[in-house]
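>>> Here's my sequence, what's the structure:
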Amino acid sequence: MRTGITILIGLILAIIIYEILRRQVLKRTALKIRRAGQRTVDEAMMAALKTLASAVSFQEVRGSLHSVPVANVWGRGVMAFEYVLETPGMTADDLPEVRRLFNNQFQSYAAKHQLTAFQDAGPVFRVTDAWLRTGQLHVDVAYLMNEATLEYLEDLRRLNGNN
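Below is the predicted model of the structure:
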């Protein structure tokens, strides 16, 4: 009887330890993938900003462009990042043109670097949102490299009423 309980407790502990380790490995792998995607979007944004340099100046952190993941609430694997750009004098009327300019630059970058979207679902990089707050332009960019990001874009489309 005691041996059976000991074996059962050992088995339960082994399963718990296995699950903890498996989750840590999955979390670490997801973080590596997200960082690689973030670096790719940062490089595309830098290229776009070099072309559009006369229009905006950008926030640098330790000598490089700083982006923040914006899609944590949507789930793991969503490749969407926010950039904050200093844009003195920009108005809300300029936002559609800014989105168009960034999207065009991102398409050029993707073509030059032979980047393709997940399941060929359109442009690989997309400005999903742009707004002004206290003289700063906030730009959200999605990198359509996986199914989670495709679903994120579809959810955004539904939320914005663009059925």
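
>>> residues near the residue lying closest to residue 77 once chain neighbours are set aside, how many?
Nearest non-adjacent residue to residue 77, counting by C-beta to C-beta, 6 or more residues apart in numbering: residue 148, 3.5 Å away. The C-beta positions use only the backbone N, C-alpha and C, and glycine is treated the same way. Neighbour count of residue 148, defined by other C-beta atoms under 10 Å: 17.

>>> how far away is residue 148 from residue 101?
27 Å (C-beta to C-beta, to the nearest Å).

>>> other SSEs contacting the one helix or strand the residue nearest to residue 77 maps to?
Residue 148 belongs to helix 147-159 when assigned by DSSP states H and E. Helices and strands touching helix 147-159, as assessed by 3 or more C-beta pairs under 8 Å, 6 or more residues apart in numbering; DSSP states H and E, comprise strand 125-133, strand 136-143.

>>> Tell me which of those strands approaches residue 2 most closely.
With respect to residue 2, and counting by C-beta to C-beta, the nearest of the helices and strands packed on helix 147-159 is strand 136-143 at 56.6 Å.

>>> same for the closest one, what does it pack against?
Using 3+ C-beta pairs under 8 Å, 6+ apart, strand 136-143 sits against helix 2-51, strand 80-86, helix 95-112, strand 125-133, helix 147-159.

>>> repeat that with 10 Å
Strand 136-143 is packed against helix 2-51, strand 67-69, strand 80-86, helix 95-112, strand 125-133, helix 147-159, with contacts defined by 3 or more C-beta pairs under 10 Å, 6 or more residues apart in numbering; DSSP states H and E.

>>> What residues sit buried inside that strand?
With burial defined by 16 or more other C-beta atoms under 10 Å, the residues of strand 136-143 counted as buried are 136, 137, 139, 140, 141, 142, 143.

>>> follow-up on the earlier one: output the helices and strands packed on helix 147-159 as a markdown table; include the columns mean pLDDT.
What follows is these, written out as a markdown table (pLDDT from 0 to 100):
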| stretch | mean pLDDT |
| --- | --- |
| strand 125-133 | 92 |
| strand 136-143 | 91 |
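
>>> need those in CSV with distance to residue 81, can you?
Shown next, in CSV, are the helices and strands packed on helix 147-159 (distance: least, C-beta to C-beta, whole Å):
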stretch, distance to residue 81
strand 125-133, 10
strand 136-143, 6
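
>>> right, and residue 84 touches residue 70 too?
No. Counting by C-beta atoms under 10 Å, residue 84 stays clear of residue 70, with 11.5 Å between them.
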